[in-house]
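Trainee: generate a structure from the sequence data that follows.
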Amino acid sequence: MNDNASAGQPISEAEALERLEQREDPSQRYYAAWWLGRMRCQNPKAISLLIDALGSVLGQPASPDDLMVARNAARALGKLQSQAAMTGLLQALEHSDHDLREAAARSLGESGDAKALPALLSTLNRSSIEPGAASQARLDQPCEALLEAIGCLAKGSQDPSTCQALQRFCQHPRPMVRSAACRALVLVSGDSQWAEGMLNLLNDPEPLIRRGVVVDLGASGWREAGDAIAGCAAESNIKLLALRQLLEQPLHGTAPSALGEHERHLLNLMDGLL
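Mentor: Presented below is the predicted three-dimensional model:
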């Protein structure tokens, strides 16, 4: 087997497939799963191997090495948006490993398949919002990932039951869960009133929280957040990414082909950060 990856050199699709298929070196399988997702590889063999890597830890005891590979396989399958992966990703939402559940939730959100919504909502509804009340056996659910996925899949639906399920997480003790809930509510309801919770968190003393909220505001598509994003005490590169997302993926409709007032304002804000 070629050792390019271990030497920091690029590898080919064929090498990535070979690394994922072998079973002697988990680190090579881990890297290969990441590579196939990163490169959006649509080779049927890649999808089959990734599904097998995920499935190897479902419904049976798994070693830490197998779990490590399965998490990356789940992440890759989300990027590849394969319908064949849906069954395994939905099963992974029930796994005892928190990080695998998180990877599965994010990938289901990336899939664009609204058929995953009932399972995501069911898992979210089992989550605790009280400190220390989560099951010791399962830890807490990956609330941020679940909320983000639901926001993506239910965007614009204005479904009352979905909005109700999301609203209780606006009072969660963890700031980033509150931010994710507000982000999802803006996306699902189309109502900018829910953005207020994110704007309040932009002044949090913790830099990690401010960065995360900037990302959530960008993902919400609410263009009126542009000035608040640009003025937040966070790194310019993160603010630029959020402003670009507002420009390219507005909450209402699609980005116009010609530059209007909103587009020019966002571009000016971006220029000011460069």
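
Trainee: burial count for residue 35?
Mentor: Neighbours of residue 35 under the rule other CB atoms under 10 Å: 23. Every C-beta, even on glycine, is put in place using the N, C-alpha and C of the backbone.

Trainee: and the pLDDT at it?
Mentor: As predicted, residue 35 sits at a pLDDT of 97.

Trainee: tell me the contacts of the nearest residue to it once chain neighbours are set aside?
Mentor: Nearest non-adjacent residue to residue 35, counting by CB to CB, 6 or more residues apart in numbering: residue 16, 4.6 Å away. Contact analysis of residue 16 by CB atoms under 8 Å, 6 or more residues apart in numbering lists 32, 35-36, 39, 41, 46.

Trainee: which of those residues has the most neighbours?
Mentor: Within those, most neighbours by other CB under 10 Å means residue 32, with 30 neighbours.

Trainee: quick check: that residue vs residue 17, distance?
Mentor: Per CB to CB, to the nearest Å, residue 32 is found 7 Å from residue 17.

Trainee: which SSE is the residue most central in space within the chain in?
Mentor: In the chain, the centroid-proximal residue (CA atoms, centre = their mean) is residue 106; its distance is 4.0 Å. Using DSSP states H and E, residue 106 maps to helix 98-111.

Trainee: in that helix, what counts as buried?
Mentor: Along helix 98-111, the positions that meet the burial threshold by neighbour count (16 or more other CB atoms under 10 Å) are 100-111.

Trainee: the protein: strands as residue ranges?
Mentor: Read by DSSP state E, the chain holds no strands at all.

Trainee: re earlier: got a list of what the residue nearest to the centre of the chain touches?
Mentor: 75, 78, 145, 148-149 are the contacts of residue 106 under CB under 8 Å, 6+ apart.

Trainee: picking up where we left off before, pLDDT and distance to residue 118 added to the buried residues of helix 98-111, as JSON lines?
Mentor: As requested, the buried residues of helix 98-111 are exported to JSON lines (pLDDT from 0 to 100; distance: CB to CB, whole Å):
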{"residue": "100", "pLDDT": "97", "distance to residue 118": "20"}
{"residue": "101", "pLDDT": "96", "distance to residue 118": "16"}
{"residue": "102", "pLDDT": "97", "distance to residue 118": "19"}
{"residue": "103", "pLDDT": "97", "distance to residue 118": "20"}
{"residue": "104", "pLDDT": "98", "distance to residue 118": "15"}
{"residue": "105", "pLDDT": "97", "distance to residue 118": "13"}
{"residue": "106", "pLDDT": "97", "distance to residue 118": "17"}
{"residue": "107", "pLDDT": "97", "distance to residue 118": "16"}
{"residue": "108", "pLDDT": "97", "distance to residue 118": "11"}
{"residue": "109", "pLDDT": "96", "distance to residue 118": "14"}
{"residue": "110", "pLDDT": "95", "distance to residue 118": "18"}
{"residue": "111", "pLDDT": "92", "distance to residue 118": "14"}
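
Trainee: could you pull up the residues touching residue 217?
Mentor: Contacts of residue 217 (CB under 8 Å, 6+ apart): 183, 195, 198-199, 202, 225, 228-229, 242, 246.

Trainee: try 10 Å
Mentor: Residues counted as contacts of residue 217 (CB atoms under 10 Å, 6 or more residues apart in numbering) are 179, 182-183, 186, 195, 198-199, 201-202, 224-226, 228-229, 232, 239, 242-243, 245-246.

Trainee: now residue 77
Mentor: 33, 36-37, 46-47, 50-51, 53-54, 84-86, 88-89, 92, 103-104, 107-108, 110-111.

Trainee: in helices, which of these fall?
Mentor: The members of the contacts of residue 77 that map onto helices under DSSP state H are 33, 36-37, 46-47, 50-51, 53-54, 86, 88-89, 92, 103-104, 107-108, 110-111.
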